[in-house]
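A.B. asks: Next input, structure requested:
(one chain, ligands or ions: 2)
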Amino acid sequence: MLSLISGSNIRRFMKLLERLDGNDNKSATMHEIQELCSSKGYVIEFVSDRTENFGAKVGIPTRRNTENVFVKWHLVPGEIKREANKVGVLKDLRSVINSPKLYDATQNFLVIEWIDGKTTSKDDVERLLLAVDHLVLIQSADVTRAVLRTHLKREWLGQQEFSDFLRNIETAIGNHREGFGDSADLWLEQIREMDQNRGVMFPDIIDPNERDFVLSHGDYKPDNLVFVPQEASLKCHPVDWVYAALRPRWYDIASFTEGCSGNAELENAYKNRYCSQLPSKISREQADKSYCQHRSLAALRVANANARLLTEGQRGEFTRSLDTLGALLEKLQFHP
Ligand SMILES: Nc1ncnc2c1ncn2[C@@H]1O[C@H](COP(=O)(O)OP(=O)(O)O)[C@@H](O)[C@H]1O
Ligand SMILES: [Mg+2]
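C.D. replies: Residues are numbered from 1 along each chain as shown. Ligands and ions are numbered 1, 2, ... in the order given. Alright, predicted model coming up:
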């Protein structure tokens, strides 16, 4: 049983961990952290197996056991500040959007409310439909729009960013050419074409029309959704708000369905559930068009991220995502 670490206890805990930080936090194993914690009388229970960003229940055993905290350890201090700011900005919306409470952010550590539930897998349709409904709810949280606008950046995809995407992918293909065989040239050709036509391909997205910007989580996927059982139902709690911003409403649903990796039936189920709850001012035709554009952008984001992983030898993933992207672009008939 664990209790909430607060006030001076948080500082003590931080000090403890800073010792590791000061030494060589990159090589500290979870075992070492565990040892250190228990030698000081702290209880730590890991929930994920990555040292650099561990989910852990941390506490000091007491007779009065109340809450747990979640500690996230970022190697880049700036990141933690960013995430803490976002969670802080969203505090007035917490009861609507179910984001975690912020307790503290010191050095590389973010200390937030422990959400006592479970994330889910990609094919848990029932829960993920619930997640889609929750996304609609997040996007309609417009009571504090003025506050959000002051504190969250408005992000949309400019032509420059799109062009950067393509450059990255191009470089990855260039560096790993032999692995792509004949398809390398085809892809390079397609990328050049996309680059030339980028203004035609994404005309709406580069229009910073403020009215269409909503609160966007930025990384809305099963990994970042904690489900908590509630009497007869379930509650969806998004975590990991580090990428939160104001974006076009299609960003999150498109990232979400991108995760269906080509399962069209699943994708349609989520997409239709989302579209059936859109504000009435958005026509079905407009919805389809915007969805498709953002869906291909989401595929590009993944291709881009995978391109960076290429150096670590994950070419298989990259080729698959390029194929998906290719099929999608074909479907959308983006070629003028
Ligand atoms: N507040 C929280 N309460 C409970 N579990 C959490 C909380 N925040 C994150 N988690 C769990 O820890 C995992 C990693 O945390 P997350 O913030 O998503 O880090 P990352 O940046 O590595 O994705 C999540 O997938 C989730 O399972
Ligand atoms: Mg995450």
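
A.B. asks: what about residue 102, how many residues close to it?
C.D. replies: 21 (other Cβ atoms under 10 Å). (Each C-beta comes from the backbone N, C-alpha and C, glycine too.)

A.B. asks: Kindly report the same for residue 329.
C.D. replies: Around residue 329 there are 19 other residues, counting by other Cβ under 10 Å.

A.B. asks: What of residue 178?
C.D. replies: Neighbour count for residue 178, taken as other Cβ under 10 Å: 7.

A.B. asks: go on, residue 306?
C.D. replies: By the measure other Cβ under 10 Å, the count of residues near residue 306 is 21.

A.B. asks: export stretch 266-275 as PDB, just CAs?
C.D. replies: C-alpha atoms of stretch 266-275 as PDB (Å, rounded to 0.1, in the frame of the first residue of the first chain):
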ATOM      1  CA  LEU A 266     -11.700  -1.300 -38.000                       C
ATOM      2  CA  GLU A 267     -10.700   2.100 -39.400                       C
ATOM      3  CA  ASN A 268     -14.100   2.700 -40.800                       C
ATOM      4  CA  ALA A 269     -15.700   1.700 -37.500                       C
ATOM      5  CA  TYR A 270     -13.700   4.400 -35.600                       C
ATOM      6  CA  LYS A 271     -14.000   6.900 -38.400                       C
ATOM      7  CA  ASN A 272     -17.800   6.500 -38.600                       C
ATOM      8  CA  ARG A 273     -18.300   6.700 -34.900                       C
ATOM      9  CA  TYR A 274     -16.400   9.900 -34.900                       C
ATOM     10  CA  CYS A 275     -18.100  11.400 -37.900                       C
END
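
A.B. asks: List the buried residues in that stretch.
C.D. replies: Judged by neighbour count (16 or more other Cβ atoms under 10 Å), stretch 266-275 contains these buried residues: 266-267, 269-271, 273-275.

A.B. asks: Report the mean confidence score over that stretch.
C.D. replies: Confidence for stretch 266-275, expressed as mean pLDDT, is 96.

A.B. asks: Name the residues of this structure found near ligand 2, please.
C.D. replies: By the criterion of Cβ under 5 Å from the ion, the positions of the chain lying close to ligand 2 are 224, 240.

A.B. asks: let's go with 8 Å and repeat that
C.D. replies: Taking Cβ under 8 Å from the ion as the test, the list of the chain residues beside ligand 2 reads 219, 221, 223-224, 239-240.

A.B. asks: Give me every residue in the stretch 101-250 of the chain lying close to ligand 1.
C.D. replies: Proximity of the stretch 101-250 of the chain to ligand 1 (Cβ under 6 Å from any ligand atom) is limited to residues 112-115, 119, 223-224, 226, 239-240.

A.B. asks: Pretty sure residue 141 is one of the things residue 215 touches, is it not?
C.D. replies: Yes. Residue 215 lies in contact with residue 141 (Cβ atoms under 8 Å); the separation is 5.9 Å.

A.B. asks: Which one of the two is surrounded by more residues?
C.D. replies: residue 215 (25 against 16).
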